[in-house]
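Trainee: one predicted model, sequence on top.
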Amino acid sequence: MAGNVAPDPQGPPGGEEGVQFLLQAVNSLFSDYGWYIFFGLIVVYLLVQKLSKNLQGAKQSNMPTTAIEPDDVVKQQEALLAARMKMQEQLNVQAEKFKEKQKMLEEEKRKQKIAMWENMQEGKSYKATLQHNQEPKPGASTSTTVVKPKPNRKPLRSDGYNPLSGEGGGTCSWRPGRRGPSPGG
């Protein structure tokens, strides 16, 4: 009986029918989802490229670093230490110069204050002493500047001018504002 059984029409296809069924299924799959599959393959390709670069970088970084000799490391550290010491010495020299300059300035200010105090005790004007002490030092400036005297100018207004008086020419004069609440809100 087993030999007389007819093939099931809904069973698995055989031979050429199977190939045609497979081609039809693949064709319908690509016609429906072709662009999604295409872009998905591009994304997978880019991910594989990125991951392969990362794995190669990780393999190279895990390589032992015995290529660097200990003597070279010691020499490099000593050179770095020497450079730091040299920079620190230069910084210390600059700090000393700055401190000396600050002390000199403080000493000058102290002398000026003492001179002002003595002049005030004697009844002299201390402003003249300030102007005398603040004259430019001969070595301080390299260029010579000539101070021009101020020319005598005619005053713009007369001595008795008062803008609130209403005098002084012109059609405008000051008037006091109204009393009471303002009309705006």
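Mentor: That came through, no problem. Numbers count the residues shown, from 1 in each chain.
Trainee: CA atoms for contacts and neighbours, from now on please.
Mentor: Noted.
Trainee: can you name every helix or strand that the one helix or strand residue 96 maps to contacts?
Mentor: In the assignment (DSSP states H and E), residue 96 maps to helix 70-122. Where contact means 3 or more CA pairs under 8 Å, 6 or more residues apart in numbering; DSSP states H and E, helix 70-122 is packed against helix 126-133.
Trainee: and stretch 152-164, average pLDDT?
Mentor: For stretch 152-164, mean pLDDT is 76.
Trainee: that one: end-to-end distance?
Mentor: Start-to-end span of stretch 152-164 (CA to CA, to the nearest Å) is 28 Å.
Trainee: buried set for it?
Mentor: By 16 or more other CA atoms under 10 Å, stretch 152-164 has no buried positions at all.
Trainee: work out the gap between it and the centre of the chain.
Mentor: Averaging C-alpha positions (CA atoms, centre = their mean, to the nearest Å) puts stretch 152-164 52 Å from its chain's average.
Trainee: cool, stretch 20-35 as well?
Mentor: In terms of CA atoms, centre = their mean, the centre of stretch 20-35 is set 58 Å apart from its chain centre.
Trainee: do the same with stretch 39-50
Mentor: The chain centroid and the centroid of stretch 39-50 are separated by 39 Å under CA atoms, centre = their mean.
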